[in-house]
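Undergrad: Please find the sequence and the predicted model below.
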Amino acid sequence: MFSNKSTTEDVLEGVDLQGKRILITGVSAGLGVETARALIAHGADVVGLARDLDKTARATAGVAAAAREGDGSFEVRAMDLASLASVRAATDDLLRDGRPFDVVINNAGVMTTPYGVTQDGFETQFGVNHLGHFLFANRIASLIRPGGRLVILSSSGHRFSDIDLDDPNFERTPYDSMAAYGYAKTANILFGVEFDRRHRDRGVRATSLHPGGIQTELGRYRTPETTERLAKFVADMSRREEEAGRAPYRYKTLEQGAATTVWAAVLAPADNTKAH
């Protein structure tokens, strides 16, 4: 039985993924790199998507070397989720290629950024975390094999805020970086629910997940104020867990965080991956 201490290797022990083709966004750092590494180590053919290919090449040098020596394979393509034109170009290339995927993992994201907008004028976190992935997954839905899965990385940060559909870009509301993150992560979950509903009849399921708290470059935009607010959020969540008789909240390693993703991608029974 797995726990919050389980790693990718614990989850994938004895699992042979040869012949499985998996698409992952955000393979330039953190969870994306570890997710790709673990899946390739067990024989999967992984296609990674990232905005900065030079950074990605540096971050995944070990992954690429292991792929060349093992049974899996690794390929990286360019896609910038902050540009819907880039998303369309990347998905056009995948559709022209035509090879199907067993799993698509929407992993990339940003958190608590200063106010900004994407190339299309959307608030950065909503645009990158939700809208870019929304367009991406819908455009390549036909490439997901029957029996395949869409795995969406959301966050317990969805509790920061529901979505204000009347003002998703903070054009009238004072900008709050944590609320904006909440908008995007709530949208990720709702998208998973609807994608699952629309595609389950052909055997394609979708789920959203919280990988846990992991110290990655996702937190690079934190300010002293957001750090203090996040610490309070974690303390409150840990207290609730203890009151419910569960282990207190604690930060995970990369290998522990990515374990949730790989479990949902290749091991969880289909009904257990229903988005919720």
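TA: Cool, got the structure.
Undergrad: Would you confirm that T113 belongs to a helix?
TA: No - with DSSP: H, G, I helix; E, B strand; the rest coil as the criterion, T113 is coil rather than part of a helix.
Undergrad: list the contacts for it?
TA: Taking C-beta atoms under 8 Å, 6 or more residues apart in numbering, we find T113 in contact with 124-125, 177, 180, 221. Every residue, glycine included, has its C-beta placed from N, CA and C.
Undergrad: could I get those as TSV with pLDDT and secondary structure?
TA: Converted to TSV, the contacts of T113 look like this (pLDDT from 0 to 100; DSSP: H, G, I helix; E, B strand; the rest coil):
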residue	pLDDT	secondary structure
T124	97	helix
Q125	96	helix
S177	92	helix
A180	94	helix
Y221	79	helix
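Undergrad: ok, of the residues you listed, which one's closest to A90?
TA: Minimum distance to A90 across the contacts of T113 is 19.0 Å, recorded for T124 (C-beta to C-beta).
Undergrad: Wait, that closest one touches M111, no?
TA: No - here T124 does not reach M111: they are 10.3 Å apart, not a contact under C-beta atoms under 8 Å.
Undergrad: before we move on, the earlier item: now the two most distant members of the contacts of T113.
TA: Most distant of the contacts of T113, by C-beta to C-beta, are A180 and Y221, 11.0 Å apart.
Undergrad: what's the overlap in contacts for the two?
TA: By C-beta under 8 Å, 6+ apart, the residues touching both A180 and Y221 are 112-113.
Undergrad: These two: which has the busier surroundings?
TA: The neighbour comparison of A180 against Y221 (other C-beta atoms under 10 Å) goes to A180, with 27 against 16.
Undergrad: Nearest to E171 among the contacts of T113?
TA: A180 (12.3 Å).
Undergrad: Distance-wise, check the closest residue to the closest one other than its chain neighbours relative to I40.
TA: Distances taken as C-beta to C-beta, 6 or more residues apart in numbering put Q125 closest to A180, at 4.5 Å, once the chain neighbours are dropped. Distance of Q125 to I40, given as C-beta to C-beta, to the nearest Å: 30 Å.
Undergrad: What are the contacting residues of stretch 129-142?
TA: Under C-beta under 8 Å, 6+ apart, the answer for stretch 129-142 is 23, 25, 79, 81-84, 87-88, 90-91, 94-95, 101, 104, 106, 108-110, 118, 120, 122, 150, 152, 181, 183-185, 187-188, 191, 195, 199, 204.
Undergrad: Quick check on those: which are buried?
TA: Among these, the ones that count as buried by 16 or more other C-beta atoms under 10 Å are 23, 25, 79, 81-84, 87, 90-91, 94, 101, 104, 106, 108-110, 118, 122, 150, 152, 181, 183-185, 187-188, 191, 195, 199, 204.
Undergrad: circling back to that earlier point, in terms of neighbours, single out the busier of T124 and M111.
TA: Regarding T124 and M111, a neighbour count based on other C-beta under 10 Å identifies M111 as having more, with 23 against 20.
Undergrad: do you know how far that one is from L153?
TA: 11 Å.
Undergrad: And the residue nearest the centre of the chain?
TA: Closest to where the C-alpha atoms of the chain average out (C-alpha atoms, centre = their mean) is N107, at 2.1 Å.
Undergrad: Test my guess that it contacts L150.
TA: No - the pair N107 / L150 is not scored as a contact, 11.6 Å apart, by C-beta under 8 Å.
Undergrad: In strands, which of the buried ones among the contacts of stretch 129-142 fall?
TA: Per DSSP state E, strands hold the following members of the buried ones among the contacts of stretch 129-142: 23, 25, 101, 104, 106, 150, 152.
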